[in-house]
Structures are given as structure tokens and as C-alpha cells.
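1. A structural model of the following input is requested.
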Amino acid sequence: MGFDADRQMQIEAFLAEEGWADARLDWLGQDASTRRYGRLTRPDGSTALLMDAPLVEDDPCTPEMSAEERLAGGWNKQSRLAASRVEAFAAIGGWLKSNGFSAPEIYTGSAPLGLAIIEDFGTQNEFARLIEQGTDEVTLYTAAAAALADLHALETPHKLHGLGRDWPILDFDDLALNVNASLFANWFPRFDTRMRMTDADHATWSRELDVLLERARDFPRELTLRDYHAENLIWLPEREGRARVGLLDFQDAVIGWDAWDMAMLVQDARRTVSPDAHSAAIATYLNKTGKSEADFLERLAIIGTLNALRIVGIFSRLIARDGKDRYRDFLPRQKYLLARNLEHPSAAGMAAFVRDTAPFIFEDA
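-> This next block holds a predicted model:
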């Protein structure tokens with residue numbers, strides 16, 4: 001995405017209005033979203049982050065919107081994504097902080113401008129970077145799982161408030177799950193022509209996807225942060241308990257399932273989670289919540305399958321449509337994670353579909 005001179009003038013005026021005109025602004029790397037961050041450094045060395053989220057995306061979904069309106073309204077409405085709105089970040093972050101979690105403090109912000117100045121958690125302290133540098137992986141994943149257990153012990157909010165606006169916390173419903181998982185059937189065959197999709201295969205896909213959605217519909221609901229993985233978790237060891245885990249990119253939170261965030265954590269598309277860290281995270285979560293292991297592992301397999309299908313589809317689309325070849329590096333791991341989830345008996349129908357149309361996914365795993 002490009003950032004033009006008009007946007008730069010908006011940013012400079014915003015920083016001057018909020019008392020940060022004397023700060024040096026260094027832009028950080030941008031991810032696949034329309035949002036970017038920059039580090040503000042004042043002459044005295046104090047820092048903050050500038051969140052730049054211009055209103056360039058389709059509007060997000062509202063609670064009263066019908067399925068037909070969502071299908072006609074674009075991806076954010078269909079998927080119930082926050083469209084990078086800073087008020088969503090402020091509302092959910094404020095709720096997390098009020099419950100003892102380490103979300104960045106919002107120093108100031110403007111929803112109409114899509115700008116906010118937030119707390120800086122520092123550099124090179126993401127879980128993923130620390131593990132690369134030798135920090136004990138099990139310690140970090142255990143802390144992340146414990147924080148997740150604390151989150152799920154709270155009453156799920158349905159409406160929050162940030163930067164002068166209300167923000168609804170919507171259900172991760174059948175439509176959102178369907179369009180996301182269907183990225184697999186729609187885009188993976190375009191990326192890898194070894195996958196066969198005849199009209200009959202499309203019919204089988206729809207039937208088996210419905211089976212998974214129906215099973216997910218019966219699972220208990222929890223607040224789901226949605227992007228709970230090692231690139232978005234910050235280690236803050238000087239803090240206590242759940243606050244040791246700094247949280248980022250939670251603006252797309254929905255009312256989903258415990259297994260979604262656990263799948264994002266231990267079935268990471270961008271890094272291989274060791275068996276020890278995987279086991280420690282699940283054991284810690286189950287010990288703190290007292291949930292049934294068998295029930296949780298079934299949820300992890302079903303929700304993990306839906307999530308893995310989504311991610312394989314997203315990566316395929318990023319490569320085939322957008323020319324972002326760097327996502328090729330992540331696909332082998334993600335196909336392996338899909339194959340492992342499909343080993344659960346509750347996913348047998350979808351496993352048979354994948355084995356029939358794309359058997360190499362199992363052969364490569």
C-alpha cells in the first residue's frame with residue numbers, strides 16, 4: 001500500500017496537535033494489512049508507537065447486518081474483521097488492560113483519522129525473536145497458555161468503548177467461518193494444480209465443510225483474540241502473572257472458541273513449535289481451566305482444521321493473486337498442520353475429501 005503526501009501531512013498535523021511534534025518518527029516493517037506502525041522518539045529518549053490505520057478498507061460488519069448484506073458488502077463484513085479501525089484496538093485494549101493484561105496503553109487517538117499513539121513495548125522482544133535468540137520456548141509458551149486460560153475465565157464482553165465510539169464484539173459465526181475456510185477450495189487449486197476440483201468435488205467440499213461448521217456450532221464460546229501467536233506476543237518478564245505476556249493485533253477479536261487462539265499459538269504457520277512447547281502449553285491451559293482434555297482436543301482438531309484450511313487458502317491467494325512469493329516458505333508447514341488436524345476422528349469426512357482431491361498434502365506431511 002502506498003502512503004501519499006496528504007497522509008503524511010495528516011500525520012504531521014496529528015503529532016503536532018497531540019504534543020509529539022519534536023519526536024523523530026522511524027517507520028517499522030509493514031505486515032500484510034493496511035496498517036503500519038512507526039516508533040516516535042523524543043529528544044529525552046522516551047518512545048511511543050504511532051499506529052497509522054487510514055480508513056481505506058471496506059467498513060466492518062455491524063450487529064444488525066444480514067447475511068445477504070454482508071456477502072454484498074465485502075470481505076471485512078463477511079469475516080467480521082475490524083477493518084483496522086483504531087477504535088476497535090482502543091476498545092478491546094482498554095478492556096484487556098482493565099482485566100490485568102498487557103495491552104498497549106492508548107495515549108491518544110483519532111478514530112476519524114485512523115491514527116493513535118500507543119505504548120511502546122520495545123524491540124526484539126516478540127516471542128518469535130526471543131526464541132530465535134535462545135530464550136526458553138517452553139517458558140514462553142507456558143506463560144502464553146496461562147494468560148489465555150485467565151482470559152477465558154472472564155465473562156465475555158459483547159460491547160466495548162474506545163476513542164469515543166462503541167465497538168461490538170460479534171460472534172464468529174457460520175458465514176465468517178465458511179468464507180474463510182473456503183479460501184482453501186477457491187485458491188489452493190489455483191496455486192497447486194495437483195489438486196483436483198470437479199463439480200462433484202465442490203459438492204463434497206460444501207457437504208464436509210457443513211459437517212465441521214455444525215460441530216463447531218455446538219462448542220462453548222469464549223472471547224477469541226484471533227491472532228494469538230509468537231509474532232504478536234511480547235515478553236515482559238518484569239511484570240507479574242498474565243501481564244508478563246504483552247498483546248498486539250487483537251482488534252479483530254470475536255466471540256469464538258478457546259481452541260482458535262490455542263490453534264494459533266501451537267499450530268503456528270510462521271514457525272515450528274517444538275513438541276515440548278506444544279505439550280506444555282496445552283497442559284498448562286487444561287490445568288488452569290479444568291476443562292476436559294478429550295473435549296478440548298476435539299475442539300482443537302475441528303477449529304484447527306478450519307483455521308488451517310483458511311491459512312493454506314490465504315497463503316495460496318497471496319502467492320497466486322498478489323505475487324507475494326515469500327509465503328511459499330510457510331506453506332509446507334501449514335499443509336503439515338492441516339494433515340495433523342485431519343487425523344482426529346471428528347474430522348474424518350474432511351480428511352477423506354482432502355485425501356481424494358489433494359493426497360499429496362498427506363504424503364508431504
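
2. Please read off the pLDDT at residue 365 from the model.
-> At residue 365, the predicted lDDT confidence score is 69.

3. Repeat that for residue 30.
-> 63.

4. do the same with the one 10 residues further on
-> At residue 40 the predicted local distance difference test score is 97.

5. Can you tell me how far it is from residue 54?
-> 18 Å (C-beta to C-beta, to the nearest Å). The way it works is simple: take the backbone N, C-alpha and C, and place the C-beta from them, glycine included.

6. and what of residue 194?
-> Residue 194 is 40 Å from residue 54, by C-beta to C-beta.

7. Neighbour count: the two, which is higher?
-> residue 54 (18 against 12; other C-beta atoms under 10 Å).

8. before we move on, what SS does the more buried one have?
-> Secondary structure assignment for residue 54 (DSSP: H, G, I helix; E, B strand; the rest coil): coil.

9. wouldn't it be in contact with residue 4 here?
-> No. The pair residue 54 / residue 4 is not scored as a contact, 9.7 Å apart, by C-beta atoms under 8 Å.

10. which residues are in contact with both of those two?
-> Here residue 54 and residue 4 share no contacting residue, scored by C-beta atoms under 8 Å, 6 or more residues apart in numbering.

11. what pLDDT, on average, does the longest helix seen in the chain get?
-> Under DSSP state H, the helix in the chain containing the largest number of residues is helix 293-320. On average, the pLDDT along helix 293-320 is 97.

12. same thing with stretch 253-264?
-> So the average pLDDT for stretch 253-264 ends up being 97.

13. Show me where the stretch 101-250 of the chain has its helices.
-> Under the criterion DSSP state H, counting those that start in this stretch, the stretch 101-250 of the chain contains helices at 127-132, 137-152, 174-181, 183-191, 199-217.

14. returning to what we had before: how far is the longest helix of the chain from where the chain is centred?
-> With C-alpha atoms, centre = their mean, to the nearest Å as the basis, helix 293-320 stands 12 Å off its chain's centre.

15. packing partners for the following helix or strand past that helix?
-> Per DSSP states H and E, the first helix or strand lying C-terminal to helix 293-320 is helix 331-341. Under the contact definition 3 or more C-beta pairs under 8 Å, 6 or more residues apart in numbering; DSSP states H and E, helix 331-341 sits against helix 293-320, helix 360-364.

16. Comparing these, which stretch has the densest surroundings?
-> Among those, helix 293-320 has the highest mean neighbour count (mean count of other C-beta atoms under 10 Å), at a mean of 21.

17. what's the angle between that helix and helix 199-217?
-> Between the axes of helix 293-320 and helix 199-217, defined by axes from the mean of the first three to the mean of the last three C-alpha atoms, to 10 degrees, the angle is 140 degrees.

18. which helices and strands sit right next to helix 293-320?
-> On a contact count with 3+ C-beta pairs under 8 Å, 6+ apart, helix 293-320 meets helix 174-181, helix 183-191, helix 199-217, helix 258-266, helix 275-289, helix 331-341.

19. at 7 Å instead, please
-> The elements that helix 293-320 packs onto, with contact taken as 3 or more C-beta pairs under 7 Å, 6 or more residues apart in numbering; DSSP states H and E, are helix 174-181, helix 183-191, helix 199-217, helix 258-266, helix 331-341.

20. roughly how far is the last one from the heart of the chain?
-> The offset between the C-alpha centroid of helix 331-341 and the centroid of the whole chain comes to 18 Å, using C-alpha atoms, centre = their mean.

21. Okay, buried residues for it please.
-> Across helix 331-341, burial judged by 16 or more other C-beta atoms under 10 Å covers 331, 333, 334, 335, 336, 337, 338, 339, 341.

22. how near is residue 89 to residue 247?
-> Taking C-beta to C-beta as the criterion, residue 89 is separated from residue 247 by 11 Å.

23. err, residue 185, not the other one
-> With the distance defined as C-beta to C-beta, residue 185 ends up 32 Å from residue 247.

24. who's more crowded, these two?
-> Using other C-beta under 10 Å, the more surrounded residue of residue 185 and residue 247 is residue 247, with 25 against 20.
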